[in-house]
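Chemist: can you look at this prediction? I've put the sequence above it.
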Amino acid sequence: MFLVSAGCAYGVPCAPPVPGMSIDGTANTCLSNPVFLAESNHERVWEAVVDVADDYFRIEREEPVRQIGAVLTEGRLDTFPQVGSTLFEPWRGDSASPEERLESTLQSIRRYAQLKVSPAQGGYWVEAAVFKELEDVVRPAHSTAGAATFRNDSSLARVTDSLGDEQIHGGWIPLGRDAALEQRILAQLQYRLTPPARGIVPLQVF
C-alpha cells in the first residue's frame, strides 16, 4: 500500500509519477525528497526506515538516530547493491515502474540505496537516494565473437595495491538516481508515520 502527497520542496527533482500512485486523483504530484515526517519518536522513525529499506535491499550499515544528552544525532543507512527485479519476478518491487522492470530484464541493472534521517523541529527529514548502475561487460553475453579473438582496445592493467579495499562498484557504469524507487520508499514511510486524517490516500501500486 502506497501514497503520495503534493509538493516538491527541494532535493532531487521528482520523477514522473509511478503508475497507480496519486493523491485525490491528481496524476502529476509527488513527494519532496527529503520528505518531512511529523513524528517525535526517533526510535519509531528509525524502525520504519529500516523496515522499508529491508523490503528492497540487504542492509550493509546502520547508524541510527541517537539521543546524546539533549542532542539528537543524524542517522544513516547504507545497503548492498541489489540486482534489479525482472518481468519474471513480480513479487519484488525494486523496479518501481514497468519501464524499469523491462530495462532490468533486458540488461544487467543493479541498485543500492542511502537513506539519511535528520532531526528537525517537530519531526524528521528523511532523504532517500537510490543509485542505478549498468554492468560493464566486455561483449554481449550471446555475442558471436570468440573470446580468443585478438583485441587491441585496452592497455596493460597494472596492479599497484593488491591488498587495497575491494572495489564493489568496479565493472559497473553509474546511471544516476532512480527517482521512481525513491518516491516509492518515501511514500511507504509517510504512510506508516502520517495519520490518514491528514488527507493522505494510500493506493495499491501493483
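Modeler: Yes, it's here. Numbering: from 1, shown residues only.

Chemist: so where's the protein shaky on pLDDT?
Modeler: Scanning the chain with the threshold set as pLDDT under 70 gives 1-29, 138-169, 195-206.

Chemist: which stretches in the chain count as helices?
Modeler: With DSSP state H, the ranges of helices along the chain come out as 42-54, 98-106, 179-193.

Chemist: can I get the ones you listed in CSV with mean neighbour count and distance to residue 60?
Modeler: No exception for glycine: its C-beta is placed from N, CA and C like everyone else's. Listed next are those as CSV, based on neighbours: other Cβ atoms under 10 Å; distance: least, Cβ to Cβ, whole Å:
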stretch, mean neighbour count, distance to residue 60
helix 42-54, 18, 10
helix 98-106, 16, 21
helix 179-193, 24, 16
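
Chemist: looking at those helices, which is closest to residue 135?
Modeler: Within the helices of the chain, the stretch nearest residue 135 is helix 98-106; the backing value is 11.1 Å (Cβ to Cβ).

Chemist: CA atoms only for the closest one, dumped as PDB, please.
Modeler: This file holds the C-alpha atoms of helix 98-106, laid out as PDB (Å, rounded to 0.1, in the frame of the first residue of the first chain):
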ATOM      1  CA  PRO A  98       7.000  -1.200 -15.900                       C
ATOM      2  CA  GLU A  99       9.800   0.600 -17.800                       C
ATOM      3  CA  GLU A 100      12.300   0.000 -15.000                       C
ATOM      4  CA  ARG A 101      11.300  -3.700 -14.900                       C
ATOM      5  CA  LEU A 102      11.600  -4.100 -18.600                       C
ATOM      6  CA  GLU A 103      15.100  -2.500 -18.500                       C
ATOM      7  CA  SER A 104      16.200  -4.800 -15.800                       C
ATOM      8  CA  THR A 105      15.000  -7.800 -17.800                       C
ATOM      9  CA  LEU A 106      16.900  -6.800 -21.000                       C
END
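
Chemist: residue 137 and residue 173: what is the separation?
Modeler: Going from residue 137 to residue 173 by Cβ to Cβ, to the nearest Å gives 10 Å.

Chemist: what of residue 30?
Modeler: In this structure, residue 30 and residue 173 are 27 Å apart, going by Cβ to Cβ.

Chemist: higher neighbour count, those two?
Modeler: A side-by-side neighbour count of residue 30 and residue 173, using other Cβ atoms under 10 Å, places residue 30 first with 25 against 10.

Chemist: which ones are touching residue 124?
Modeler: With contact set as Cβ atoms under 8 Å, 6 or more residues apart in numbering, residue 124 has these partners: 36, 37, 39, 42, 45, 65, 117, 118.

Chemist: give me the number of residues near the second one?
Modeler: This means residue 37. Taking other Cβ under 10 Å as the neighbour definition, residue 37 ends up with a count of 23.

Chemist: could we number from 100 for the rest of this?
Modeler: Happy to do that; since the first residue is 100 now, the last one works out to residue 136.

Chemist: shouldn't it be in contact with residue 144?
Modeler: Yes: when contacts are counted by Cβ atoms under 8 Å, residue 136 is listed as touching residue 144 (6.1 Å).
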